[in-house]
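[1] dropping the sequence and predicted coords here.
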Amino acid sequence: MNEETTHGGGPNRRALILVENLSVPFDRRVWQECTTLRDAGWTVHVICPQGTKRDTEAETVIDGVRIHRYPLRAATGGPAGYLREYGSALWHTARLVRKVGPVHVVHACNPPDLLFLAAGWLRRRGARFVFDQHDLVPELYLSRFDRGEDLLYRGVCALERRTYRAADVVLATNESYRDVALGRGGKRPEDVFVVRSAPQVDRFQPVPPEPELKRGKPHLLCYLGVMGPQDGVDYALRSLAKLRDELGRTDWHAVFVGSGDAFDAMVELSRELGLTDQVEFTGRVPDADLVRYLSTADVCLSPDPRNPLNDVSTMNKVLEYMAMGRPIVSFDLREARVSAGEAALYARADDEAEFAGLVARLLDDPEQRARMGKIGQERIGGPLSWRNSQESLLAAYAAAVAGRGPSQARRRRRR
């Protein structure tokens, strides 16, 4: 069997990837998938939102991947804001789907679990449907809104069931998500492929530390990532206040890199805790600046609290800290341990005092920091490398094209 047949690719194979919550190529996972498929012989199109400061063109071709973008106003407030955002995204996506035209595979990345609707026109024309489950949306709803299993929650669960039912193949980001696809989703084991997210190693190359980033302190702490209500930045800030007030440690400066809809609230919480002089919020920064901060950091923070989503999700920031050889302090979450292993120390879930104590412990032990950093880099270069995910992605596409899943069954019924 030649490589072209193995990968399901070929000179006439066309794939369309649908994304709603990030622009491309800013969405690093999706961009890695795009380039992997392109290198395997697929013609790749992407439909996604426009960015605000980058990825702003309505249509462009980057490294052979054609990207179609639409304007989208991000949700603010509660569930009603997301309904407006998702309604607009679905309309634009359906419009652009028809512009792209028929493809062999339509590949939908959640959230939300609505894109199977926009993919319907292509599926009726024979496209295979790949569901790339970035998030467990029912768990995301419970973790973000604290509304319990109300009517909207039941609606979210129904949409997830519809998406699973439509999918010929499911891509799961880790084994916990795969278990959900097999159990709650009712998928067959041979139709679910684990495609782990992995840092782009060429993007995360350490540079010499810059002591001036520590603002005159001996140590630098760093947080990298999204700042939403479920991401635990508030836990990190309260832990840092305990590090100062209860452990008497003022020998550190902390940098929080990233943005999100909780950004302003976190800046205000930092002020309320009296941390303004020791905590710096940068917003999103260029890659070169991100690498400077991580190369200088002594300890990196992963303060995601335990909730239905975080416990089973792989955190990109943990993988990126590991790629940079940084030791990590995390709360004790199931998939955090799977990813980081001995590259992190784990505080009891949501225990801010213990989290602060582990930060202090690492600040006092440079040898342990170096040892943990090396373990992290070895894991990223080995079992967690994108090479393994590439193989799984291409196997999933081959199965989608060759398989006899829901799409073929529907076509047989129409004959």
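    Happy to help now that I have it. Numbering: from 1, shown residues only.
[2] burial count for residue 91?
    12 (other C-beta atoms under 10 Å). The way it works is simple: take the backbone N, C-alpha and C, and place the C-beta from them, glycine included.
[3] make sure it is indeed in a helix.
    Yes - counting by DSSP: H, G, I helix; E, B strand; the rest coil, residue 91 is part of a helix.
[4] for it, give its distance to residue 69.
    According to C-beta to C-beta, to the nearest Å, residue 91 and residue 69 sit 14 Å apart.
[5] then residue 321?
    Taking C-beta to C-beta, one finds residue 321 at 30 Å from residue 69.
[6] ok, now residue 191?
    Where residue 69 is concerned, residue 191 sits at a distance of 31 Å (C-beta to C-beta).
[7] do the same with residue 103
    Taken as C-beta to C-beta, the span from residue 103 to residue 69 is 18 Å.
[8] thinking again about what came up before, between residue 321 and residue 69, who's got more neighbours?
    residue 321 (32 against 22).
[9] burial check on residue 261, number of neighbours?
    16.
[10] the one 4 residues further on too?
    As a burial measure, the neighbour count of residue 265 was computed by other C-beta under 10 Å and equals 14.
[11] which residues touch it?
    residue 234 (C-beta atoms under 8 Å, 6 or more residues apart in numbering).
[12] pLDDT at it, what is it?
    In this model, residue 265 is scored at 96, pLDDT.
[13] could you measure from it over to residue 233?
    From residue 265 to residue 233 the distance is 9 Å (C-beta to C-beta).
[14] could you do residue 225 as well?
    8 Å.
[15] ok, the two, which is more surrounded?
    Counted by other C-beta under 10 Å, residue 225 and residue 233 do not tie: residue 233 has more neighbours, with 27 against 23.
[16] wait, residue 217 touches residue 251, no?
    Yes - using C-beta atoms under 8 Å, residue 217 is in contact with residue 251, at 5.8 Å.
[17] quick check: closest non-adjacent residue to the most centrally placed residue in the chain.
    Residue closest to the average C-alpha location in the chain (C-alpha atoms, centre = their mean): residue 316, at 5.6 Å. Closest residue to residue 316 apart from its sequence neighbours, by C-beta to C-beta, 6 or more residues apart in numbering: residue 197 at 5.8 Å.
[18] wait, is that neighbour part of a strand?
    No - counting by three-state DSSP, residue 197 falls outside a strand, being coil.
[19] give me the number of residues near it?
    21.
[20] what's residue 28 sitting at in phi/psi?
    Note on residue 28: backbone dihedrals following degrees, to the nearest 10 are phi -70, psi -40.
[21] where in the protein is pLDDT low?
    Along the chain, segments meeting pLDDT under 70 span 1-11, 77, 403-415.
[22] so where do the strands sit in the protein?
    Counting by DSSP state E, the segments of the chain that form strands are 14-18, 43-49, 59-62, 65-70, 105-109, 128-133, 169-172, 192-194, 219-224, 252-257, 279-283, 299-302, 328-331, 344-347.
[23] and of these, who's closest to residue 379?
    Nearest of the strands of the chain to residue 379, taken as C-beta to C-beta: strand 344-347 at 10.7 Å.
[24] in stretch 381-394, what counts as buried?
    384-386, 389-390, 393-394 (16 or more other C-beta atoms under 10 Å).
[25] quick one: contacts of it?
    Looking at what lies outside stretch 381-394 - C-beta under 8 Å, 6+ apart - the contacts are 6-9, 32-33, 36-37, 40, 171, 193-201, 319, 322, 339.
[26] how about 6 Å then?
    Identification of contacts with stretch 381-394 by C-beta atoms under 6 Å, 6 or more residues apart in numbering yields 7, 32, 36, 40, 193, 195-196, 198.
[27] swap in stretch 68-79?
    In contact with stretch 68-79 (C-beta under 6 Å, 6+ apart) are residues 47-50, 58-59, 81-82, 85, 89, 92, 96, 152.
[28] equivalent analysis for stretch 49-65, please.
    Contacts for stretch 49-65 (C-beta under 6 Å, 6+ apart): 23, 26, 34, 38, 44, 67-69, 71-72.
[29] can you do 7 Å?
    Residues external to stretch 49-65 that are found in contact with it (C-beta atoms under 7 Å, 6 or more residues apart in numbering): 20, 23-26, 34-35, 38, 44, 46, 67-72, 89.
[30] mind checking which of these are buried?
    20, 23-26, 34-35, 38, 44, 46, 67-70, 72, 89.
[31] let me know the closest of the residues you listed to residue 369.
    residue 26 (30.5 Å).
[32] please name the nearest non-neighbouring residue to that closest one.
    residue 55 (5.4 Å).
[33] again, but for residue 226
    residue 260 (4.5 Å).
[34] which residues touch that neighbour?
    Per C-beta under 7 Å, 6+ apart, neighbours of residue 260: 226-228, 231.
[35] which one of these is nearest residue 162?
    Out of the contacts of residue 260, the member with the shortest distance to residue 162 (by C-beta to C-beta) is residue 228, at 25.3 Å.
[36] and for that closest one, the neighbour number?
    17.
[37] quick check on the contacts of stretch 68-79: which are buried?
    47-50, 82, 85, 89, 92, 96, 152.
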